[in-house]
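Participant: Need coordinates for the following:
(one chain, ligands or ions: 1)
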Amino acid sequence: MKKSALQKARATYQPKLPIVLTGAVKAVEGQPTQSVANQAEIKELFPNTYGLPELKFEKATAPAPSKPINVGVILSGGQAPGGHNVICGLFDGLKKINKDSRLYGFLMGPGGFVDHQYKELTADFIKDYRNTGGFDIIGSGRTKLETKEQFDKGLEILKELNISALVIIGGDDSNTNAAVLAEYYKSINAGVQVLGCPKTIDGDLKNDVIETSFGFDTATKVYSEVIGNIQRDCNSAKKYWHFIKLMGRSASHIALECALQTQPNICIVSEEVEQKDMTLQQVVDYVAEIVAKRAANGNNFGTVLIPEGLIEFIPAVKRLIAELNDLLAKNAEEFATVAPADQRAYIIGHLSKENAAVYESLPEGVARQLSLDRDPHGNVQVSLIETEKLLSEMVGKRLAQWKKEGKYNGKFSAQHHFFGYEGRCADPSNFDADYCYALGFNAACLIKGGFTGYMSSVRNLTKPSVQWIAGGIPITMMMNMERRNGKMKPVIQKALVNLDGAPFRKFAEQRDDWAVNTCYVYPGPIQYFGPSEVCDQPTLTLKYEHQGK
Ligand code: FBP
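Facilitator: Predicted coordinates:
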């Protein structure tokens, strides 16, 4: 494999472990826990893994030598920078327990587990993946682990390889599956522990006990670098409005973090749009008014950040999606037989009057997108909806109308961008390299302690990594009941942007200034080597959340 100069230099980086994990540890148990909501239902569904205590690792005296442990690992869902380091940390942790421990990677996500596709991960093999981005070490996939048949099929290969613990590195849906699998294996005394690791660039797998998911730090730094570059271009030529859609699924954490880092003229936050019960036209008017104000000052240029989930949060569209989800789940067989040209009419004919009207009012392409296949977890594939073009088109129309009415006299020319895949496989920042390595190493400690149904947890993340706190959080603690594919299911509660939280408040205090004046910040590329204030800064979201505590 030919390596770039940076790859070669980066391979020698030794992630910094929390000091507590550098020696022998003991797990200190906290109080029994409860799920965030629907306690009775979740307790009934997880009789063997509900109510477990939180765990915190503390230093212990050196233990007697342990037996080797065989462990399986799965990368699940979208790529996020640092996944390779989770695997390296897990590997090193297992080897520290006993040098004869073995680690097996299931290939291409949960599908590899069910289909018995795996690879043994040896020291020689993983060395090329240390501190690198991507999930290519074993590949990833979105197969949903949910049926007893899948669990039993997976158990066959675990038994064959003498694997006694499985680590699932994934987002909220994949960790939900980890909890269900842990419960099932415990209920049948399978002798297999199941643990999760919080992954996703979206930043929506967090709560009081999980401070952030890995990958959010690096991905937002990459997007902010490019947004900064665009802003400098924009401020140089002074002739374009750039509409920039950012990944992040439903939550607007990525857009908000990038706004805090780059100070664009406009950043839409979906959660606020929902709270204010805004229509699509009101969102358009909000943008058009700022374009007009800037034009009045002679500034016919600017930047607009748009979270990819925006469309789902417009309350009328949200109601439409909820009905569409049920309709498409219930009538799946019949709908599959409808010719593409007739699908629009079929949907309109089967929706309630109110939702049919909303469906008809949307541009055809967007409406079609909302009725296409969900991902295996039942999510609308928002990354495929071209919200940035939809918005700029509607803003252009509004401005043209205002021009006729004599209310606006500027020039409006738009450029469109979508940043998502560009950041998901970047080499992890120092923060993500350390955090991921610690999450993996910590998972090995949880395995050694015999725990199951836990998520690996590393906290105190705004402090230097040596001061981080390591432990485990029962996954059931993060769960509530939600409607998925037409049925109520136990799932980890997604963290959306909290409008009372410090990151949003910081943004809201400054946005009027950023809108009219040009206050761009240019963060530049991620730095891996150099002074700590340049290389080791966590996200502003994390920083403000900690300050707000
Ligand atoms: P995860 O929840 O799996 O981490 O998804 C991250 C993400 O990048 C979302 O931001 C985006 O909507 C989605 O994946 C895109 O999915 P795909 O990789 O299948 O195109």
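
Participant: For the stretch 201-350 of the chain, which segments are assigned as helices?
Facilitator: With DSSP state H, counting those that start in this stretch as the criterion, the stretch 201-350 of the chain has helices at 216-237, 253-262, 270-275, 280-296, 310-313, 315-330, 332-336, 340-350.

Participant: Does anything pack onto the shortest one? Which helices or strands?
Facilitator: So the one you mean is helix 310-313. helix 270-275, helix 315-330, helix 387-404 (3 or more CB pairs under 8 Å, 6 or more residues apart in numbering; DSSP states H and E). (Glycine included, C-beta is placed from N, CA and C.)

Participant: Confidence-wise, which of the ones you listed is weakest overall?
Facilitator: Comparing mean pLDDT across the helices and strands packed on helix 310-313, the weakest is helix 315-330, with a mean of 87.

Participant: Next, the contact list for the residue nearest to residue 305 when sequence neighbours are not counted, please.
Facilitator: Nearest in space to residue 305, with sequence neighbours left out and distances taken as CB to CB, 6 or more residues apart in numbering, is residue 267 at 4.1 Å. Residue 267 is in contact with 255-256, 258-259, 304-305, 507, 511, counting by CB atoms under 8 Å, 6 or more residues apart in numbering.

Participant: rewinding a little: may I see the helices of the stretch 201-350 of the chain arranged in TSV, with distance to the ligand and mean neighbour count as well?
Facilitator: Formatted as TSV, these follow (distance: least, CB to the nearest ligand atom, whole Å; neighbours: other CB atoms under 10 Å):
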stretch	distance to the ligand	mean neighbour count
helix 216-237	8	23
helix 253-262	8	28
helix 270-275	13	20
helix 280-296	20	19
helix 310-313	11	24
helix 315-330	15	18
helix 332-336	20	11
helix 340-350	22	13
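
Participant: so where's the stretch 401-549 of the chain uncertain?
Facilitator: 548-549 (pLDDT under 70).

Participant: near the ligand, which residues of it show up?
Facilitator: Neighbours of the ligand within the stretch 401-549 of the chain, by CB under 6 Å from any ligand atom: 420, 424.

Participant: Please enumerate the strands of the stretch 401-549 of the chain.
Facilitator: Taking DSSP state E, counting those that start in this stretch, the strands of the stretch 401-549 of the chain run over residues 414-419, 454-459, 469-474, 479-484, 487-492.

Participant: do you know which of those strands lies nearest residue 26?
Facilitator: When those are compared by CB to CB, strand 469-474 sits nearest residue 26, at 11.2 Å.

Participant: what angle separates that closest one from strand 454-459?
Facilitator: With axes from the mean of the first three to the mean of the last three CA atoms, to 10 degrees defining the directions, strand 469-474 sits at 150 degrees from strand 454-459.

Participant: which helices and strands sit right next to strand 469-474?
Facilitator: If contacts are counted by 3+ CB pairs under 8 Å, 6+ apart, strand 469-474 sits against strand 25-32, strand 53-59, helix 430-448, strand 454-459.

Participant: could you dump these to CSV with mean neighbour count?
Facilitator: As requested, the helices and strands packed on strand 469-474 are arranged in CSV below (neighbours: other CB atoms under 10 Å):
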stretch, mean neighbour count
strand 25-32, 14
strand 53-59, 17
helix 430-448, 28
strand 454-459, 26
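
Participant: can you give me the end-to-end distance of stretch 125-136?
Facilitator: Stretch 125-136 has an end-to-end distance of 12 Å (CA to CA, to the nearest Å).

Participant: what does stretch 77-85 give?
Facilitator: By CA to CA, the extent of stretch 77-85 from end to end equals 17 Å.

Participant: distance between that stretch and the chain's centre?
Facilitator: A distance of 10 Å separates the centroid of the chain from that of stretch 77-85, by CA atoms, centre = their mean, to the nearest Å.

Participant: Show the contacting residues for the closest residue in space to residue 348 that isn't next to it in sequence.
Facilitator: What sits nearest to residue 348 in space, not counting adjacent residues and going by CB to CB, 6+ apart, is residue 356, at 4.8 Å. Each residue near residue 356 by CB under 8 Å, 6+ apart is listed here: 347-349.

Participant: Pretty sure residue 356 sits in a strand.
Facilitator: No. Residue 356 sits outside any strand when classified using DSSP: H, G, I helix; E, B strand; the rest coil, being helix.

Participant: quick one: it from the ligand, how far?
Facilitator: To the ligand, residue 356 is 27 Å away according to CB to the nearest ligand atom, to the nearest Å.

Participant: wait, isn't residue 497 in contact with residue 252?
Facilitator: Yes. At 4.9 Å, residue 497 and residue 252 qualify as touching, with contact defined as CB atoms under 8 Å.

Participant: Quick check: neighbours shared by the two?
Facilitator: Residues touching both residue 497 and residue 252 by CB under 8 Å, 6+ apart: 269-271.

Participant: who's in contact with residue 166?
Facilitator: Counting by CB under 8 Å, 6+ apart, residue 166 touches 71-74, 113, 154, 158, 181, 192-195.

Participant: could I get those as JSON lines with neighbour count?
Facilitator: Listed next are the contacts of residue 166 as JSON lines, based on neighbours: other CB under 10 Å:
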{"residue": "71", "neighbour count": "27"}
{"residue": "72", "neighbour count": "24"}
{"residue": "73", "neighbour count": "28"}
{"residue": "74", "neighbour count": "29"}
{"residue": "113", "neighbour count": "30"}
{"residue": "154", "neighbour count": "27"}
{"residue": "158", "neighbour count": "23"}
{"residue": "181", "neighbour count": "26"}
{"residue": "192", "neighbour count": "22"}
{"residue": "193", "neighbour count": "23"}
{"residue": "194", "neighbour count": "28"}
{"residue": "195", "neighbour count": "28"}
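
Participant: Just send the helices and strands packed on strand 469-474 back as CSV, with distance to residue 214 too.
Facilitator: CSV is the format used below for the helices and strands packed on strand 469-474 (distance: least, CB to CB, whole Å):
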stretch, distance to residue 214
strand 25-32, 21
strand 53-59, 19
helix 430-448, 5
strand 454-459, 9
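
Participant: Ok, which of the ones you listed comes nearest residue 144?
Facilitator: If you check each of the helices and strands packed on strand 469-474 against residue 144 by CB to CB, strand 454-459 wins as the nearest, at 18.3 Å.

Participant: Tell me what angle that closest one forms with helix 430-448.
Facilitator: With the same axes, to 10 degrees defining the directions, strand 454-459 sits at 140 degrees from helix 430-448.

Participant: Strand 454-459 pairs with which strands, parallel or anti?
Facilitator: In the sheet, strand 454-459 lines up against strand 193-198 (parallel), strand 469-474 (antiparallel) (DSSP bridges).

Participant: Which of those sits closest to residue 425?
Facilitator: Residue 425 sits nearest to strand 193-198 of all these, at 17.3 Å, using CB to CB.

Participant: Any part of the closest one near the ligand?
Facilitator: No. Using CB under 6 Å from any ligand atom, strand 193-198 stays clear of the ligand, with a minimum separation of 10.1 Å.

Participant: any idea of the angle that strand forms with helix 216-237?
Facilitator: Going by the same axes, to 10 degrees, strand 193-198 makes 20 degrees with helix 216-237.

Participant: hmm, back to that, and the contacts of residue 267, which is closest to residue 401?
Facilitator: Of all the contacts of residue 267, residue 401 sits closest to residue 304, with 19.1 Å by CB to CB.

Participant: correct me, but that closest one touches residue 259?
Facilitator: No. The criterion here is CB under 8 Å, and residue 304 misses it with residue 259 at 10.3 Å.

Participant: related to what we said a few turns ago, switch the contacts of residue 356 over to JSON lines; also include pLDDT.
Facilitator: Shown next, in JSON lines, are those (pLDDT from 0 to 100):
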{"residue": "347", "pLDDT": "93"}
{"residue": "348", "pLDDT": "93"}
{"residue": "349", "pLDDT": "94"}
